[in-house]
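>>> Can you look at this prediction? I've put the sequence above it.
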Amino acid sequence: MAVTRLKRKNRKDKAKAAVRRQTLKIQGAKPVLKNVDVEKIKEEFKAKAKKA
């Protein structure tokens, strides 16, 4: 008995796996952390409050 490949199912399975890999990759990504000077920001808010 000959073996036949189900090409459509194979494409569908590969597409499903690719989507799954991509979503896992996105979930595992971490945003870039930036150093923020909190005191400087507070001073800027105080300066804006004095002007207004």
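Received it, and whenever you're ready, just let me know what you need.

>>> how many other residues sit next to Lys30?
Neighbour count for Lys30, taken as other C-beta atoms under 10 Å: 5. Bear in mind the C-beta positions are built from the backbone N, C-alpha and C, glycine included.

>>> which strands and helices sit next to the strand or helix carrying Glu39?
Glu39 belongs to helix 38-51 when assigned by DSSP states H and E. Applying 3 or more C-beta pairs under 8 Å, 6 or more residues apart in numbering; DSSP states H and E, we find helix 38-51 packed against no helix or strand.

>>> Could you export it as CSV, CA atoms only?
Extracted C-alpha coordinates of helix 38-51, given in CSV (Å, rounded to 0.1, in the frame of the first residue of the first chain):
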residue,chain,number,x,y,z
VAL,A,38,13.0,60.5,39.6
GLU,A,39,14.2,63.6,41.3
LYS,A,40,14.7,65.4,38.1
ILE,A,41,11.2,64.6,37.0
LYS,A,42,9.8,65.9,40.3
GLU,A,43,11.7,69.2,39.9
GLU,A,44,10.3,69.6,36.4
PHE,A,45,6.7,69.2,37.7
LYS,A,46,7.4,71.8,40.4
ALA,A,47,8.8,74.2,37.8
LYS,A,48,5.7,73.7,35.7
ALA,A,49,3.4,74.2,38.7
LYS,A,50,5.1,77.5,39.5
LYS,A,51,4.7,78.8,35.9
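
>>> Show the average pLDDT along that helix.
Mean pLDDT, computed over helix 38-51, is 91.

>>> What of stretch 9-26?
In this model, stretch 9-26 has a mean pLDDT of 97.

>>> chain center to that stretch, what's the gap?
Between the centre of stretch 9-26 and the centre of its chain there are 16 Å (C-alpha atoms, centre = their mean, to the nearest Å).

>>> which other residues reach it?
For stretch 9-26, there are no external contacting residues (C-beta atoms under 8 Å, 6 or more residues apart in numbering).
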